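Colleague: Sequence plus the predicted model coming up.
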Amino acid sequence: MTSETDDADHGGSDRSPSADAKRDGERGPPTDGEPPELRIEELSLPQRVFVAAVQNPFRGALIALLFGLAFSFFIALWLAFPRIAAGFSVLTLVVVVLIAGVLRLLR
């Protein structure tokens, strides 16, 4: 049962190809010399980190500082307790391999 007030365009008769492409989630060609619009899903992880650092430089510098501090503590752990550090390294490697495997299966 259909209603006369139903405004849905079932046939798409008077739509342009660019409107159909935008409705389907595709981007049409850029107009008026504008650069194409990028979505965050299209960027790689290093590109996302760069964009975040450019948008908020203090946060980017803070993350770099914390990463350097964590790395220096890891080196100190290797120098003071090599067996424990090796165990942490192996455990980290196993977790990374498991996460990569799960992500590969989900794609």
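Modeller: It's in. In this text the structure is predicted, and so the values were computed from the model without any measurement.
Colleague: Can you find the helix or strand in the protein with the smallest mean pLDDT?
Modeller: One helix or strand of the chain scores below all others by mean pLDDT, DSSP states H and E: helix 17-23, with a mean of 53.
Colleague: tell me which residues in the following helix or strand past it are buried?
Modeller: Using DSSP states H and E, the helix or strand that follows helix 17-23 towards the C-terminus is helix 45-55. Within helix 45-55, the residues that count as buried by 16 or more other C-beta atoms under 10 Å are Ala53. No exception for glycine: its C-beta is placed from N, CA and C like everyone else's.
Colleague: could you dump helix 45-55 to CSV, C-alpha only?
Modeller: Presented in CSV, the C-alpha positions along helix 45-55 are these (Å, rounded to 0.1, in the frame of the first residue of the first chain):
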residue,chain,number,x,y,z
LEU,A,45,48.0,5.6,10.2
PRO,A,46,51.1,7.8,9.8
GLN,A,47,49.0,10.3,7.8
ARG,A,48,46.4,10.4,10.5
VAL,A,49,49.0,11.0,13.1
PHE,A,50,50.4,13.9,11.0
VAL,A,51,47.0,15.4,10.5
ALA,A,52,46.3,15.2,14.3
ALA,A,53,49.7,16.8,15.0
VAL,A,54,49.1,19.7,12.6
GLN,A,55,45.6,20.3,14.0
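Colleague: tell me which strands and helices it is in contact with?
Modeller: If you count contacts as 3 or more C-beta pairs under 8 Å, 6 or more residues apart in numbering; DSSP states H and E, helix 45-55 packs onto helix 57-80.
Colleague: in the helix it packs on, what's buried?
Modeller: Gly60.
Colleague: show me what contacts the closest residue to Gly60 other than its chain neighbours?
Modeller: Setting aside the residues directly before and after it, Gly60 is nearest to Ala53 in space (C-beta to C-beta, 6 or more residues apart in numbering), at 2.9 Å. Residues in contact with Ala53 (C-beta atoms under 8 Å, 6 or more residues apart in numbering) are Arg59, Gly60, Ala61, Ile63.
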